[in-house]
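Asks: Sequence and predicted structure, then a few things I'm wondering about:
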Amino acid sequence: MTELTRRTLLAGTAATAATALGPRSVITPAAANAPCPTISIKDFLAGAEAQALSNDERGMIVNQGIELLKSFYAHLPIKRVMYGADPLERLRLLQQRLPWLTSDRQFHAEMLGTFASLHDMHTVYQLPQPYAMAHAWLPFKVESCVEGGQRKYIVSRVADDFTHATFQPGVEVRYWSGVPIARAAQLAGGEGANPGARHALGLARLTYRHLRWQLPPEEEFAIVRYLAGGQELDISIPWNVSTNPDRSGLCDVDPTGTCTEVEQIQKFRKFLYRPYDFCHQFSDEDPELISTPDGDFGYIRIFTFERKVSDDQFVADFRAKVDRLAGSVKGLIVDVRDNGGGATRASERIVQFVAPTPGTIDPIRLYFVATPVTLQLCKLGAPVQGLGPNGLTTWIPSIERALQAGAPFSDSFEYTSKGACNVADRRVFPHPVIVVTSALTYSAGEYFVAGFQDHGGMILSVDETTGGGGAGVRQDFELSQFFVDANQTSPLRDLSKDAGFKVAFRRAMRSGLSTGRDFEDIGIARNKSYAMTRNDLLNNNQDLKKEAIRLLLQMPSPT
């Protein structure tokens with residue numbers, strides 16, 4: 001098990017009265033074998049331009065984007081209607097303009113803008129080196145809460161060794177580089193799938209961006225106007241860029257697994273603000289026990305469904321936690337706020353241990369956009385055996401019918417087997433359960449939320465909906481490898497300097513009480529609303545837990 005410390009990362013970055021950060025230095029994290037340089041935005045961009053792509057390399061990237069959207073992208077017909085987006089035409093026009101682009105930054109901005117028009121964090125352009133291993137960050141976190149009926153923006157955490165006389169946890173942020181903070185968040189999260197997601201994503205991006213998915217900020221430093229001691233004050237804080245290998249696969253049993261931007265935000269927050277345990281998906285080894293005058297209640301926080309152990313081990317670990325609480329608590333809170341996803345099968349399989357209904361749990365179903373290439377993919381046999389309970393053969397007849405009739409999609413079928421979602425020795429948790437979500441609950445996190453709600457569960461959320469990521473996703477090189485393993489010519493190519501793409505290649509459809517509904521873009525709507533308080537942000541979600549317990553006391557136990 002590997003733990004990173006942050007003190008070395010932040011060495012030499014203590015704030016002074018005049019400037020927020022002192023001199024930067026080359027640092028060596030405890031878990032790394034090579035130095036991890038932390039430099040300014042200006043120095044990073046100078047180095048990046050020295051490694052610029054050739055015109056041919058840019059052309060290959062554009063061609064790959066066209067092929068992925070044309071042949072694999074499951075949401076394209078619907079995104080065109082919803083957003084008036086025509087990403088294929090934009091990419092074709094970019095092909096013609098490549099000789100006139102003057103810099104890599106301009107090219108990357110064009111590519112990112114094209115994919116941002118889809119409002120889909122599953123389908124993105126991934127920048128090449130040196131962006132691929134770089135993280136731009138500020139040493140604090142801003143979160144929103146409600147006070148006196150008004151939304152306010154609070155500095156909830158600052159990093160180790162960041163010291164300042166007045167800029168501390170609890171101060172209220174008013175402006176961001178001259179822009180009102182609410183508007184600044186809205187602008188930064190413009191491509192989120194729904195209003196809640198746009199706000200939450202934008203707020204996170206104000207202080208952290210993984211440059212694999214986002215270009216560095218235009219400004220070299222942020223000027224933050226904040227309220228402290230009844231006075232409005234300004235502080236200038238330079239952006240840092242830290243370059244280190246992506247360690248997401250360190251404990252991942254599937255090292256080719258995909259990571260969403262939300263997952264990366266969660267990882268970096270854990271790294272910067274608490275000891276980072278790469279091998280653990282829960283907030284604590286043991287469930288938290290909350291004692292109240294009305295009895296004891298359990299609390300389990302799942303930060304991610306990203307694979308740190310096998311799906312079987314994760315499911316067994318979660319079940320063991322739930323079983324330990326069954327005889328000692330009056331209710332259970334499962335908190336998946338800001339859970340960016342990961343292993344879909346793991347997230348769907350644990351629904352059976354907390355859903356209040358004793359009947360059959362129906363897993364979510366997936367369907368393809370009907371193209372000759374998705375038909376070819378489904379016929380590859382052994383290489384795609386893991387993409388469904390019986391491989392992809394189940395989808396073949398409906399894709400063939402759709403192509404003959406000019407229909408856009410295949411029929412839908414399970415990805416997670418129904419048997420795995422309904423084990424023979426399943427025991428319904430004997431007390432009420434409530435699941436807590438946010439607009440940054442995304443992807444596999446939403447599969448869990450949808451499955452729980454669609455089988456009788458109650459959702460308490462700090463936002464109106466979850467993030468709206470209803471799809472199965474793969475990297476371009478993974479899709480290509482399926483064809484290679486089947487001894488067929490791949491429609492995709494290997495790209496230079498670790499450039500790449502992710503694509504939503506199957507669309508999700510809910511089951512149970514919501515059979516037939518999609519949740520791409522619209523997310524999962526809450527049953528009960530909650531507004532985060534200042535006390536929540538600064539004191540481990542105390543008021544949120546009290547509200548969840550109040551609701552649990554009103555709920556009947558499963559029968």
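Replies: Thanks, I have it. Owing to the predicted nature of the structure, the values given are computational and were not obtained by experimental measurement. Residues are numbered from 1 along each chain as shown.
Asks: So for stretch 396-415, what gets flagged as buried?
Replies: 396, 398, 399, 402, 409, 410, 412, 413, 414, 415 (16 or more other C-beta atoms under 10 Å). For the C-beta atoms, the positions are set from N, CA and C on the backbone; glycine is no exception.
Asks: Among those, name the ones in strands.
Replies: Using DSSP state E, the members of the buried residues of stretch 396-415 that fall in strands are 413, 414.
Asks: Columns pLDDT on top of the buried residues of stretch 396-415, output as a markdown table?
Replies: Output for those, formatted as a markdown table (pLDDT from 0 to 100):
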| residue | pLDDT |
| --- | --- |
| 396 | 98 |
| 398 | 98 |
| 399 | 98 |
| 402 | 98 |
| 409 | 98 |
| 410 | 98 |
| 412 | 97 |
| 413 | 97 |
| 414 | 97 |
| 415 | 97 |
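Asks: Relative to residue 260, which of the buried residues of stretch 396-415 is nearest.
Replies: The closest of the buried residues of stretch 396-415 to residue 260 turns out to be residue 415 (C-beta to C-beta; 17.3 Å).
Asks: wait, what's in contact with the closest residue in space to residue 43 that isn't next to it in sequence?
Replies: Take residue 43 and drop its neighbours on the chain: the residue closest to it by C-beta to C-beta, 6 or more residues apart in numbering is residue 241, 7.8 Å away. By C-beta atoms under 8 Å, 6 or more residues apart in numbering, the contact set of residue 241 is 38, 39, 40, 41, 43, 44, 134, 135, 136, 137, 211, 216.
Asks: so which of the residues you listed comes closest to residue 87?
Replies: Among these, and counting by C-beta to C-beta, the member closest to residue 87 is residue 211, at 21.7 Å.
Asks: what about the closest one, distance to residue 123?
Replies: Here the criterion is C-beta to C-beta, to the nearest Å. By it, residue 211 lies 18 Å from residue 123.
Asks: Those two - which one has more neighbours?
Replies: Shown here are residue 211 and residue 123; by other C-beta atoms under 10 Å, residue 123 has more neighbours (26 against 20).
Asks: For the more buried one, report the pLDDT, please.
Replies: Listed pLDDT for residue 123 reads 96.
Asks: try residue 163
Replies: Residue 163 carries a pLDDT value of 87.
Asks: do the same with residue 245
Replies: 50.
Asks: With residue 160 instead?
Replies: Reported pLDDT for residue 160: 79.
Asks: burial of it, as a residue count?
Replies: 18.
Asks: circling back: I'd like the contacts of residue 241 as JSON lines, with distance to residue 430 appended.
Replies: Output for the contacts of residue 241, formatted as JSON lines (distance: C-beta to C-beta, whole Å):
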{"residue": "38", "distance to residue 430": "51"}
{"residue": "39", "distance to residue 430": "55"}
{"residue": "40", "distance to residue 430": "57"}
{"residue": "41", "distance to residue 430": "55"}
{"residue": "43", "distance to residue 430": "59"}
{"residue": "44", "distance to residue 430": "55"}
{"residue": "134", "distance to residue 430": "49"}
{"residue": "135", "distance to residue 430": "44"}
{"residue": "136", "distance to residue 430": "48"}
{"residue": "137", "distance to residue 430": "44"}
{"residue": "211", "distance to residue 430": "48"}
{"residue": "216", "distance to residue 430": "52"}
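Asks: Which of these fall in helices?
Replies: 41, 43, 44 (DSSP state H).
Asks: show me what contacts residue 83?
Replies: Applying C-beta under 8 Å, 6+ apart, the residues near residue 83 are 117, 118, 119.
Asks: make it 7 Å
Replies: 117, 119 (C-beta atoms under 7 Å, 6 or more residues apart in numbering).
Asks: can you check the one 5 residues further on too?
Replies: Taking C-beta under 7 Å, 6+ apart as the contact definition, residue 88 lies against 66, 69, 70.
Asks: SS state for the first one?
Replies: Read it as residue 66. Going by DSSP: H, G, I helix; E, B strand; the rest coil, the secondary structure assigned to residue 66 is helix.
Asks: Chain neighbours aside, what residue packs nearest to it?
Replies: With C-beta to C-beta, 6+ apart, the residue lying closest to residue 66 is residue 91, at 5.0 Å.
Asks: Could you break this structure into its assigned domains?
Replies: Domain ranges of the chain: 1-245, 280-363+418-470+519-559, 365-414+471-512, per automatic domain parsing.
Asks: how far is the longest one from where the chain is centred?
Replies: This points to domain 1-245. 14 Å (C-alpha atoms, centre = their mean, to the nearest Å).
Asks: Check stretch 344-357 too.
Replies: Counting by C-alpha atoms, centre = their mean, stretch 344-357 comes out at 20 Å from the chain centroid.
Asks: show me where pLDDT drops low in the stretch 101-250 of the chain?
Replies: Applying pLDDT under 70 to the stretch 101-250 of the chain picks out residues 244-250.
Asks: now the strands: where do they sit in it?
Replies: Taking DSSP state E, counting those that start in this stretch to define them, one finds strands in the stretch 101-250 of the chain at 124-126, 134-137, 140-147, 150-158, 172-176, 179-180, 208-210, 221-228, 231-238, 240-243.
Asks: Can I get the ones you listed in TSV including distance to residue 448?
Replies: Shown next, in TSV, are the strands of the stretch 101-250 of the chain (distance: least, C-beta to C-beta, whole Å):
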stretch	distance to residue 448
strand 124-126	22
strand 134-137	27
strand 140-147	23
strand 150-158	25
strand 172-176	32
strand 179-180	35
strand 208-210	24
strand 221-228	35
strand 231-238	36
strand 240-243	32
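Asks: Ok, which of the domains of the chain comes nearest residue 265?
Replies: domain 1-245 (4.9 Å).
Asks: So the residue nearest to residue 66 is in contact with residue 114, correct?
Replies: Yes - between residue 91 and residue 114 a contact is recorded at 6.0 Å, counting by C-beta atoms under 7 Å.
Asks: quick revisit: got the contacts of residue 88 as a markdown table, with distance to residue 302, pLDDT and neighbour count columns?
Replies: Formatted as a markdown table, the contacts of residue 88 follow (distance: C-beta to C-beta, whole Å; pLDDT from 0 to 100; neighbours: other C-beta atoms under 10 Å):
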| residue | distance to residue 302 | pLDDT | neighbour count |
| --- | --- | --- | --- |
| 66 | 37 | 98 | 18 |
| 69 | 32 | 98 | 22 |
| 70 | 36 | 97 | 16 |
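Asks: Closest to residue 180 out of these?
Replies: The closest of the contacts of residue 88, once distances to residue 180 are taken by C-beta to C-beta, is residue 69, at 35.7 Å.
Asks: Could I get the contacting residues of that closest one?
Replies: The neighbours of residue 69, taking C-beta under 7 Å, 6+ apart as the test, are 76, 87, 88.
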